[in-house]
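K.L.:
Predicted model, plus sequence, below.
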Amino acid sequence: MSFDFPSALLFCPADRPDRFDKAAARSPGVILDLEDAVAADDKPAAREALVAHQLDPATTIVRVNAADSDDFAADLAVLERTHYRTVMLPKARSPHQIGALDGYGVVALCETAEGVLAAPALAAHDSVVALMWGAEDLVASLGGTSSRDRDGRYRDVARHARSSVLLAAGSHRKAAIDAVHVAIDDLDGLAAEAQDAAASGFAASACIHPGQVAAILEAYRPSAEEFAWAQGVIAAASNENGVFRYEGMMVDEPVLRHAAGILRRSDAGK
């Protein structure tokens, strides 16, 4: 089951149907959240809102509650009444949990120590279309208090988890989604993080506020200089055999793949 991941995915509380259309207008991808964004008493109303106010299923993901929660079965029951077929499973820990979501494309959210270590096995599951990692839940699962240091940089354990999830997804040709930047007003930090995500191979970055969407889209969109270089080096390759030199750089097959990736990102951003 495929899902064409846009570079920005905006979380929207599922108990706020008044925000659904606004979220879809602001972001090319929306995650309707039945889990952390919704208080326990409001979850039944949130499920009914999914049915009554449906968005485009091609650009919408539904985050259900954890597989071992009391709400999971009710979430699955209401999904059958909608057109949504891409589901985010929080606190994913093992491929066994994915089996309950047969028929759906699953974004496995690796946000515990167990989940990060299980990332390769999760990515290998046929129903899994992407992996995402979560910094705050991960550090909390370890007994820590913050995923970042005083300078706003991820701690070593968070960087390790981020890389591990990206590598696991890539090893099975699945998309990888970067974690949210919780400092809403830190647009410079968000932009730098999203630029790094795009350059490293993440397909998308998730966000929690509409004001963050533009910064992510711009970060994933190649600059004019990058685009011109990618076009030029691929054009030059048609006249070369094997390794060649272009604008002072040695160009071989991996470099050409980098260039092709830049052109794909440019097309996706149009």
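P.N.:
On my side now, so go ahead.

K.L.:
For the chain, which segments count as strands?
P.N.:
Read by DSSP state E, the chain holds these strands, from start to end of the chain: 8-13, 30-33, 60-63, 86-89, 105-110, 128-133, 175-178, 204-207, 244-246, 249-251.

K.L.:
Show me where this protein dips below the pLDDT cut-off.
P.N.:
Within the chain, the stretches with pLDDT under 70 are 1-2, 267-270.

K.L.:
What segments of it are helices?
P.N.:
Ranges of helices in the chain, per DSSP state H, are 20-26, 43-52, 72-79, 95-98, 113-117, 119-124, 135-141, 156-171, 187-200, 213-220, 224-237, 253-268.

K.L.:
Mean neighbour count added to those helices, as a markdown table?
P.N.:
(Glycine included, C-beta is placed from N, CA and C.) Shown next, in a markdown table, are these (neighbours: other C-beta atoms under 10 Å):
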| stretch | mean neighbour count |
| --- | --- |
| helix 20-26 | 16 |
| helix 43-52 | 18 |
| helix 72-79 | 17 |
| helix 95-98 | 18 |
| helix 113-117 | 19 |
| helix 119-124 | 20 |
| helix 135-141 | 19 |
| helix 156-171 | 19 |
| helix 187-200 | 18 |
| helix 213-220 | 20 |
| helix 224-237 | 15 |
| helix 253-268 | 15 |
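
K.L.:
Output these as CSV; include the columns distance to residue 178.
P.N.:
Shown next, in CSV, are those (distance: least, C-beta to C-beta, whole Å):
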stretch, distance to residue 178
helix 20-26, 19
helix 43-52, 25
helix 72-79, 25
helix 95-98, 21
helix 113-117, 14
helix 119-124, 14
helix 135-141, 10
helix 156-171, 7
helix 187-200, 4
helix 213-220, 9
helix 224-237, 19
helix 253-268, 14
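
K.L.:
Quick one: closest of those helices to residue 180.
P.N.:
Nearest to residue 180, of all the helices of the chain, is helix 135-141, at 8.1 Å by C-beta to C-beta.

K.L.:
residues in contact with that closest one?
P.N.:
90-91, 110-116, 145-148, 154-155, 157-158, 161-162, 179, 182 (C-beta atoms under 8 Å, 6 or more residues apart in numbering).
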